[in-house]
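[1] Using only what follows, build the 3D model:
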Amino acid sequence: MPSQRVVLGTGLAILLVISAASIGLEVKSRSDAAWVDHTLGVLQKLSDLRLLIRSAESAARGFALSNDPNFIREYRESSNQIEPALADLIEETRDNPVQTQLLESNRQLIARRLAVSAELARLQAAGDSSGIAALTARAEGRSVMDTIGVNFDKLVAEEDKLLAIRTADSRRTRIVLLGIDLAGALLILMLAAILIQEVRRSSRKLETSLDASRAENESLEAAVAERTEHLLAAHEELRRSASVMQSTFNSMAEAVLVIDTTGAVVLSNAAAEQMLRYRTGMTIEQVRSTSVAYHADGTTPILPNELPAARALRGEHVDSKEVVARPLRGAAPLHLVISARPLRDASGAISGAAVVYHNISAARETERLLQQAQKLDAIGKLTGGVAHDFNNMLTVITGTTETLVAALARQPELQSVAKLIDDAAERCSELIQHLLAFARRQPLQPRNVDINGAVVDIAKLLRPTLGEQIEIETILEPEATVSHIDASQLANSVLNMAINARDAMPRGGKLLLETRNVVLDEAYAQTNVEVRPGPYVMLAVSDTGAGMPADVRDKAFEPFFTTKEVGKGSGLGLSMVYGFVKQSGGHIKIYSEEGHGTTIRLYLPPARGSADTAKSAATPVAGGNETILVVEDDSLVRNFVIAQLHALGYKTLAAADSRAALAHVENGEPFDLLFTDVIMPGGMTGRQLADEVTKHRPDMKVLYTSGYTDNAIVHHGRLDEGVLLLTKPYRKAQLAQMVRRALRGETS
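    As a prediction, this is how the structure comes out:
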């Protein structure tokens with residue numbers, strides 16, 4: 001027992017010493033913890049001060065960009081808190097001269113940065129854009145902010161170093177304190193050894209606690225494993241989603257750009273580089289330098305600050321803005337529909353913009369071609385209507401001048417005057433025929449023509465016409481090239497194109513005539529709306545002349561359009577070719593570039609059966625003594641025709657319209673030939689009149705005449721089967737020949 005008391009007394013004394021040491025170390029540990037908290041507080045205040053400075057700077061820039069007074073209020077609130085926060089921070093770091101010196105240095109820099117921001121806000125409020133540009137160009141604010149940032153980084157580094165030191169001291173103190181506590185615990189355990197029962201009870205309690213800890217650890221490990229598995233699955237799903245999004249983004253037909261607030265392209269898809277040559281890393285200034293942007297009219301430039309990207313960075317939403325981009329390197333202009341949206345961060349501030357470009361160049365080109373075709377069709381309808389009246393007058397003029405020329409054989413001076421009138425009338429007739437060709441109202445007589453043979457024959461005729469300074473070359477399709485076409489009109493068309501080519505090569509050059517069997521597919525037809533897909537015979541006429549600019553090329557087929565000097569051309573040559581090809585069911589395309597010549601390609605309809613041989617021209621025939629019923633609404637033309645028929649020996653009956661003509665039939669008056677105009681007033685055409693007459697007289701012979709056939713006896717550009725037509729204006733010999741053919745029962 002005494003020994004146990006000594007042990008107990010000694011143990012208690014030692015326990016008191018250990019307790020005193022533990023208390024001292026506990027005080028030191030708390031002091032170390034307070035220093036750590038102090039250091040953490042300084043770090044937090046440094047972070048708060050930096051946020052206040054950035055908030056003031058961001059508000060000033062926001063006001064400069066948007067002129068929103070809310071940004072000025074935010075700027076003032078932030079700047080007013082900076083100085084008190086800085087003073088508090090200086091007071092907190094008085095024990096560290098290095099930090100105090102850095103904070104004092106930052107105080108001057110912060111004052112300078114706030115002054116720059118205030119100046120920027122003042123210039124924006126005053127609307128001084130040049131002052132803003134100059135202040136921005138000096139980049140003083142960014143330089144000051146960079147220096148402030150460096151100083152803050154040093155302050156944070158210094159505090160981090162102090163924090164590490166004080167944390168290490170606290171850790172060592174706690175380790176020592178823990179050792180002392182453990183020693184005290186051992187002593188207590190030694191003292192408690194006397195009470196074995198209590199020790200055993202404590203042991204059992206400790207064992208129970210350890211078992212619980214092991215169970216808890218196993219549960220925790222299972223939870224960690226499950227969480228890890230979920231994280232791996234989520235990561236794989238995220239990777240897969242990102243891959244799908246990236247593939248979708250790059251496969252989009254529209255070009256997509258994402259830019260930041262400085263105008264730098266931070267993201268772009270494949271279409272952006274292919275369509276616009278834009279790519280990630282470019283700035284908005286570099287993007288704009290590749291082309292000039294215009295409004296939808298293609299002539300009014302768009303100011304840089306009105307472009308969709310600039311508007312989106314100002315917070316505007318841009319929907320389907322049509323823009324014409326003309327590249328500076330000579331490429332074709334692009335018609336674009338642009339949409340743009342601002343991008344915002346978590347605080348709602350604009351962080352950039354997304355811009356989407358949709359290329360509608362092909363659609364606009366199709367619209368242009370369709371409008372041009374509609375314009376040419378409208379001009380053609382107007383031209384055809386006017387040609388009818390002109391042909392009626394020219395019929396009288398050409399017929400009477402022909403009679404005058406013959407009657408004035410003994411008066412040379414008067415005969416020469418009459419001949420001039422006759423020549424002028426003939427020129428007028430040719431012009432009217434060209435107009436009718438353009439209007440697609442000329443009566444064609446198509447047959448199957450060997451285009452290779454026709455080109456060879458035409459080339460022979462062209463050599464003396466074009467002169468020795470023009471070299472003529474032919475490249476012919478090795479296989480048969482047979483087209484269902486009017487051979488004479490084809491020859492006239494090639495002659496017109498060859499003469500235009502000669503005029504484009506005043507110093508000489510080469511004319512190339514080329515034939516080829518081609519197929520125009522669906523893709524070609526989609527870009528040329530008037531084309532029917534299928535086989536064609538292509539006849540191309542190319543020259544090495546001056547070529548045409550785009551504006552001239554677009555108007556080349558319009559009637560009376562010419563670039564030649566006054567008196568050097570009527571402007572009807574290519575328009576006649578255009579009308580002839582279209583009326584024949586073909587397609588025409590012109591390719592030209594200044595300084596590189598011109599190529600006109602005629603796509604002619606394919607043959608129907610084998611090639612026909614050309615019919616020999618009929619010789620003029622004399623008159624007769626039959627009776628002819630003349631139906632003509634124009635009295636001048638009617639009287640002229642009757643006089644000409646009387647001169648040929650025929651007897652005549654006259655009618656001004658279909659009613660008068662049917663009255664002759666109903667009265668039983670005999671006649672051998674119905675000679676009728678196609679287009680007449682009264683609601684009945686010449687064809688309808690002929691059909692009505694043949695009901696009463698089935699074997700009646702009919703001869704039609706017209707200067708504008710419309711669709712009465714001509715369909716799809718061809719005379720109806722079994723129809724004879726005498727086209728106005730005509731001469732006496734042509735009248736005599738066609739009357740005899742009609743009386744003999746010949747057909748077209």
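
[2] How about residue 338: which residues does it bridge to?
    Applying DSSP bridges to residue 338 yields these beta-bridge partners: residue 321, residue 357.

[3] neighbours around it, how many?
    22 (other CB atoms under 10 Å). (C-beta placed from N, C-alpha, C; glycine too.)

[4] what does residue 626 give?
    17.

[5] mind listing what it touches?
    With contact set as CB atoms under 8 Å, 6 or more residues apart in numbering, residue 626 has these partners: 650, 651, 671, 672, 673, 743.

[6] doesn't residue 350 make contact with residue 260?
    No: using CB atoms under 8 Å, residue 260 makes no contact with residue 350, being 9.8 Å away.

[7] picking that back up, of the contacts of residue 626, select the buried ones using a ChimeraX command.
    Command for ChimeraX, covering only those of these found buried under the criterion 16 or more other CB atoms under 10 Å:
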select :650,671,672,673,743
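
[8] Need the worst-confidence member of the contacts of residue 626.
    By pLDDT, residue 743 ranks lowest within these, coming in at 89.

[9] packing partners for the helix or strand harbouring that one?
    Assigned by DSSP states H and E, residue 743 falls within helix 732-744. For helix 732-744, the elements it packs on are helix 361-407, helix 635-647, strand 673-677, strand 701-706, strand 725-727, judged by 3 or more CB pairs under 8 Å, 6 or more residues apart in numbering; DSSP states H and E.

[10] same thing but at 10 Å, please
    For helix 732-744, the packing partners by 3 or more CB pairs under 10 Å, 6 or more residues apart in numbering; DSSP states H and E come out as helix 361-407, strand 627-631, helix 635-647, strand 673-677, strand 701-706, strand 725-727.

[11] re earlier: can I get the contacts of residue 626 in JSON lines with distance to residue 362?
    As requested, these are exported to JSON lines (distance: CB to CB, whole Å):
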{"residue": "650", "distance to residue 362": "62"}
{"residue": "651", "distance to residue 362": "66"}
{"residue": "671", "distance to residue 362": "61"}
{"residue": "672", "distance to residue 362": "62"}
{"residue": "673", "distance to residue 362": "57"}
{"residue": "743", "distance to residue 362": "58"}
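
[12] Just give me the closest of the contacts of residue 626 to residue 254.
    residue 673 (70.2 Å; CB to CB).

[13] looking at it, the closest one is touching residue 697, isn't it?
    No: using CB atoms under 10 Å, residue 673 is not in contact with residue 697, being 11.1 Å away.

[14] care to break this protein down by domain?
    2-194, 252-359, 366-438, 447-604, 627-744 (automatic domain parsing).

[15] now do the same end-to-end measure for the fourth one.
    Domain 447-604 has its terminal residues 12 Å apart, counting by CA to CA, to the nearest Å.

[16] all strands in the stretch 151-300 of the chain, in order from the N-terminus.
    Per DSSP state E, counting those that start in this stretch, the stretch 151-300 of the chain carries strands over the ranges 255-260, 265-268, 291-294.

[17] looking at those strands, which is buried most?
    strand 255-260 (a mean of 21; mean count of other CB atoms under 10 Å).

[18] for the stretch 201-350 of the chain, what are the low-confidence residue spans?
    Within the stretch 201-350 of the chain, the set of residues satisfying pLDDT under 70 comprises 202, 242-243, 245-247, 249-251, 329-331.

[19] and what of the stretch 401-550 of the chain?
    In the stretch 401-550 of the chain, residues with pLDDT under 70: 417, 423-445, 529.

[20] Can you show me the helices along it?
    Using DSSP state H, counting those that start in this stretch, the helices of the stretch 401-550 of the chain run over residues 412-438, 451-466, 487-503, 522-527, 550-555.

[21] Could you name the helices and strands sitting against the fourth one?
    Read it as helix 522-527. Helix 522-527 sits against helix 361-407, strand 587-592, with contacts defined as 3+ CB pairs under 10 Å, 6+ apart.

[22] what about the closest residue in space to residue 669 that isn't next to it in sequence, is that helix, strand or coil?
    Once flanking residues are discounted, residue 669 sits nearest to residue 653: 6.3 Å by CB to CB, 6 or more residues apart in numbering. Of the three states, residue 653 takes strand under DSSP: H, G, I helix; E, B strand; the rest coil.

[23] All the helices of the stretch 201-350 of the chain, residue numbers only.
    Under DSSP H, counting those that start in this stretch, the stretch 201-350 of the chain gives helices at 270-276, 284-288, 308-313.

[24] circling back: so what's in contact with residue 260 and residue 350 at the same time?
    Counting by CB atoms under 10 Å, 6 or more residues apart in numbering, the residues touching both residue 260 and residue 350 are 313, 343.

[25] Run a quick neighbour tally on residue 547.
    Applying other CB under 10 Å, we find 18 residues neighbouring residue 547.

[26] should've said residue 644
    Neighbours of residue 644 under the rule other CB under 10 Å: 23.

[27] list the contacts for it?
    395, 399-400, 402-403, 623, 650, 652, 730-732, 735-736, 739.

[28] Sort out which one of those residues lies nearest residue 321 for me.
    residue 395 (58.8 Å).

[29] Tell me the secondary structure at the spatially closest residue to the closest one that is not a sequence neighbour.
    Spatial nearest neighbour of residue 395, excluding adjacent residues (CB to CB, 6+ apart): residue 729 at 4.2 Å. Under three-state DSSP, residue 729 falls in the coil class.

[30] isn't residue 47 right next to residue 53, touching?
    No: Residue 47 is beyond contact range of residue 53, at 11.0 Å (criterion: CB under 10 Å).

[31] thinking again about what came up before, hmm, the residue nearest to residue 395 is touching residue 706, no?
    No: assessed by CB under 10 Å, residue 729 is found out of contact with residue 706, at 11.1 Å.

[32] Any stretches of the stretch 51-200 of the chain with poor pLDDT?
    Ranges of the stretch 51-200 of the chain meeting pLDDT under 70: 139-141, 177, 181, 184, 187, 191-199.

[33] what does the stretch 551-700 of the chain give?
    Using pLDDT under 70, the flagged stretches of the stretch 551-700 of the chain are 557-573, 609-622.

[34] mind redoing it with 50?
    In the predicted model of the stretch 551-700 of the chain, residues 566-571, 611, 613-619 satisfy pLDDT under 50.

[35] tell me what the helix or strand where residue 574 lies is packed against?
    Secondary structure from DSSP H and E places residue 574 in helix 573-583. On a contact count with 3+ CB pairs under 10 Å, 6+ apart, helix 573-583 meets helix 361-407, helix 412-438, helix 487-503, strand 587-592, strand 598-604.

[36] Could you export the contacts of residue 644 as CSV, including distance to residue 631?
    As requested, the contacts of residue 644 are exported to CSV (distance: CB to CB, whole Å):
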residue, distance to residue 631
395, 15
399, 18
400, 21
402, 23
403, 23
623, 20
650, 15
652, 11
730, 16
731, 21
732, 20
735, 15
736, 19
739, 14
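
[37] Filter those down to just the buried residues.
    Counted by 16+ other CB under 10 Å, these give 395, 399-400, 402-403, 623, 650, 652, 730-732, 735-736, 739 as buried.

[38] surely residue 587 meets residue 535?
    No: applying CB under 10 Å as the test, residue 587 and residue 535 come out as separate, 12.0 Å apart.

[39] Need the overlap of contacts for those two.
    Common neighbours of residue 587 and residue 535 (criterion: CB under 10 Å, 6+ apart): 520, 603, 605.

[40] Please report which of those has the highest neighbour count.
    Ranking those using other CB under 10 Å puts residue 603 first, with 23 neighbours.

[41] show me what contacts that residue?
    483, 518, 520, 524, 528, 531, 534-540, 581, 585-589.
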